[in-house]
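*Asks:* dropping a prediction and its sequence here:
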Amino acid sequence: MIQKGMHVVAPIILVVLFVFSLAGCGDDSTGGVTPATMQLTALRIGTSNLLANPEAPQPVDKSIILSFSHALSENSVSSSIILTDENDQAVELAFSLLDSDKTISITHSEELTINSTYTLSISKDIKGAEGETFPGFQVTFLTENPPMILSSVTIDGASPDQNQRIINISRQPVFQLTFSDPLDLEVLKDNINLSGGSIPATFNVANGASDSTFTMTVTENLEGYERYSLFISSALTSISGKKFESYQLPFYTELDSSLKFPEISDEALLTKVQEQTFKYFWDFGHPVSGLARERNTSGETVTSGGSGFGLMGIIVGIERGFITREEGVARLNKIITFLDEESDRFHGAWSHWLNGTSGKVIPFSSDDDGGDLVETSFMVQGLLTVRQYLDSSHPEEADLIARINSLWEGVEWDWYTQDGQDVLYWHWSPNVGWQKNHKISGWNEALMVYVLAAASPTHPIDQEVYTAGWARNGAMVNSSGASYYGYQMDLRSDKGGPLFFAHYSFLGLDPRNLTDQYANYWNQNVNHTLINRAYCIANPKRFVGYSAQSWGLTASDNHEGYNAHSPDNDLGVITPTAAISSIPYTPEESMEAMRHFYYILGDKLWGEYGFYDAFNISEGWTASSYIAIDQGPILVMIENHRTGLLWNLFMSAPEVQSGLDKLGFSYE
């Protein structure tokens with residue numbers, strides 16, 4: 001029976017190799033096509049075009065579509081088309097006429113048998129609606145033999161989402177594997193593997209509830225926070241000989257929470273971290289200039305801003321007994337003498353990088369080969385803190401005080417307004433002038449620039465430069481009222497940016513009671529830190545190693561180079577300085593992070609100069625580097641947390657107080 005317009009498609013997936021032979025095409029004795037002869041113009045099974053690709057395997061669940069050059073006689077169709085299997089048994093078919101009766105859709109009530117030969121025959125008895133004839137046609141094809149598939153996998157009873165990173169898998173996981181077809185246990189054992197880590201994984205494979213289900217149990221702990229891959233080879237075959245297309249499941253193990261070092265008191269740990277970090281500035285101080293190298297591999301390249309942090313660190317070293325006062329003053333004398341007599345300056349400002357022997361500028365980039373006002377502000381922050389620490393009754397220290405005053409008073413802050421504009425500019429060079437044209441506008445790490453520029457006894461700026469240039473007439477305020485994870489900041493509306501914004505200017509500038517018309521700076525820095533931590537706990541990108549104990553996104557080295565990491569620029573990189581240097585703002589949370597970095601990750605993260613710069617467990621990467629601008633805040637902010645020493649010294653400078661007053665700050 002034929003139903004016009006009926007189209008039946010049964011559900012399956014299997015394929016076919018077919019061979020077809022086309023009987024005579026109705027040619028007459030002269031070789032021409034008889035006008036009254038129909039032609040078969042298309043033959044498809046599903047989307048497979050048999051006429052164009054006769055050797056392609058065919059699915060077992062799709063309709064057979066025949067198209068002719070003429071409309072068909074409905075009465076001749078069902079008796080003229082037959083599909084037989086390799087035993088010459090006819091398959092029950094249903095027919096539908098489509099396309100003005102030129103197309104036949106043929107469905108079979110049951111799916112075809114896989115890996116079997118079928119023959120489709122169209123006899124000469126089929127007729128056109130106007131009596132057209134057909135010469136007959138026959139095609140033989142082989143149905144698809146689909147591969148065996150892994151139909152389900154669970155790890156410790158849960159089905160992993162393979163569209164995202166699979167993390168926090170137990171260190172002795174149990175896998176359950178279910179295949180689409182029965183297979184032999186020994187064959188599976190020969191073709192399954194678990195790779196990753198530095199020690200080969202050991203496991204057992206056993207039969208499960210059926211001969212297509214198996215359990216794989218890891219017998220010894222895998223390494224913590226490591227990437228492993230479950231792999232099943234394409235050499236695996238089912239009992240019936242079906243092939244397998246291979247399978248790989250990458251995953252990351254959970255934390256190995258064993259202690260890597262003996263426990264000590266929190267106070268002892270704070271001192272240990274400070275002492276090891278201090279050694280970076282002491283051991284890597286350049287032998288000629290005494291300035292801090294940019295990083296532990298920088299050779300002649302020293303950094304002005306990082307050296308300013310290091311100056312503050314020398315005070316910590318003296319007060320904590322890591323060095324004597326005499327040793328510290330001698331190093332300060334070397335540094336200040338070099339800055340005064342040898343180093344390039346550009347209207348009083350230092351460049352970002354200097355040659356530690358000659359004092360000549362080392363370009364930070366092709367158009368950054370002159371003064372860097374932000375890095376200069378970090379240097380001056382350190383110099384003023386040292387000045388307040390030194391004893392004017394001691395002749396050598398009194399001389400250093402006088403030389404610091406000369407360096408400080410030599411910075412032409414007002415020059416960097418670029419011809420009297422109401423904003424400070426970051427860079428100026430005698431070679432390229434103001435080409436970088438980078439305004440210093442908030443909110444970011446550079447508040448110190450404006451405080452010192454307003455405080456300068458020789459080259460000050462007006463309050464309007466702060467108001468219009470830094471505060472952007474209030475535009476730096478978080479006017480949207482946006483909050484993140486329940487915390488709201490006065491400034492910025494992008495989750496706060498990298499955490500060094502809360503550190504660099506606040507090594508000396510005490511935020512505890514600091515406010516102006518734009519912000520409460522203690523609340524700003526506390527909430528910035530809490531947002532950064534909360535983001536890491538939420539871990540929306542499912543990076544490995546993020547937790548309430550392992551957090552902190554800021555500028556640092558990474559597996560690809562260097563970047564300013566933040567919630568809006570998250571590359572999976574945790575930088576210890578971010579959480580540790582925030583300890584004044586989040587003492588409990590930062591202490592928890594420090595314990596985690598030392599006791600739990602310390603076998604990979606702790607080195608001769610304290611914590612390595614950064615790590616990315618998802619990429620299997622830990623830095624071998626130490627960087628001055630990351631080391632300095634650790635050393636200084638721990639001390640501010642413990643005693644307030646650097647805050648008290650810097651804030652005691654009368655010029656600093658004058659500058660803050662001038663800009664409208666309250667700080668007591």
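*Replies:* Great, that's in hand.
*Asks:* pull the number of nearby residues for the nearest residue to Phe244 once chain neighbours are set aside.
*Replies:* Nearest residue to Phe244, sequence neighbours excluded (CB to CB, 6 or more residues apart in numbering): Leu236, at 4.1 Å. C-beta here means a position set from N, CA and C on the backbone, and glycine is covered the same way. Using other CB atoms under 10 Å, Leu236 is surrounded by 22 other residues.
*Asks:* Leu236 and Ser195, how far apart?
*Replies:* 16 Å (CB to CB, to the nearest Å).
*Asks:* kindly report the same for Gly552.
*Replies:* 31 Å.
*Asks:* so for those two, which sits in the more crowded spot?
*Replies:* A direct count of neighbours by other CB under 10 Å for Gly552 and Ser195 places Gly552 higher, at 27 against 13.
*Asks:* what about the more buried one, distance to Ser170?
*Replies:* When Gly552 is compared with Ser170 (using CB to CB), they lie 26 Å apart.
*Asks:* quick one: contacts of stretch 78-87?
*Replies:* Under the contact criterion CB atoms under 8 Å, 6 or more residues apart in numbering, stretch 78-87 has outside partners 1-2, 64, 66, 90-91, 93, 95, 104, 106, 108, 112-113, 116-126.
*Asks:* how does this protein divide up, domain by domain?
*Replies:* Per automatic domain parsing, the structural domains of the chain span 17-142, 150-252, 266-663.
*Asks:* now do the contacts for Ala36.
*Replies:* Counting by CB under 8 Å, 6+ apart, Ala36 has contacts 128, 131-133.
*Asks:* report the secondary structure state of the residue lying closest to Ala42 once chain neighbours are set aside.
*Replies:* Spatially, and ignoring its direct neighbours in sequence, Ala42 is nearest to Ser67 (3.8 Å; CB to CB, 6+ apart). Under the three-state scheme (DSSP: H, G, I helix; E, B strand; the rest coil), Ser67 adopts strand.
*Asks:* quick check: bridge partners of Ser67?
*Replies:* Ala42, Thr103 (DSSP bridges).
*Asks:* quick check: it touching Asp99?
*Replies:* Yes: Ser67 is in contact with Asp99 according to CB atoms under 8 Å; the separation is 7.1 Å.
*Asks:* okay, those two: which has more neighbours?
*Replies:* Ser67 (16 against 12).
*Asks:* dump the residue contacts of the more buried one.
*Replies:* 40-43, 99, 102-104.
*Asks:* what number of residues lie near Asp85?
*Replies:* 15.
*Asks:* Asn616 now?
*Replies:* If we define neighbours as other CB under 10 Å, then Asn616 has 22 of them.
*Asks:* so how far is Glu560 from it?
*Replies:* Distance from Asn616 to Glu560, by CB to CB: 9 Å.
*Asks:* and the helices in the stretch 51-200 of the chain?
*Replies:* 74-77, 185-190 (DSSP state H, counting those that start in this stretch).
*Asks:* repeat that for the stretch 251-400 of the chain.
*Replies:* According to DSSP H, counting those that start in this stretch, the stretch 251-400 of the chain carries its helices in the segments 266-283, 304-319, 325-341, 373-389, 395-409.
*Asks:* turn those helices into TSV, columns for mean neighbour count, distance to Ser180 and mean pLDDT.
*Replies:* Below are the helices of the stretch 251-400 of the chain laid out as TSV (neighbours: other CB atoms under 10 Å; distance: least, CB to CB, whole Å; pLDDT from 0 to 100):
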stretch	mean neighbour count	distance to Ser180	mean pLDDT
helix 266-283	18	55	98
helix 304-319	27	61	98
helix 325-341	18	72	98
helix 373-389	26	63	98
helix 395-409	16	77	98
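*Asks:* all good on my end, thank you.
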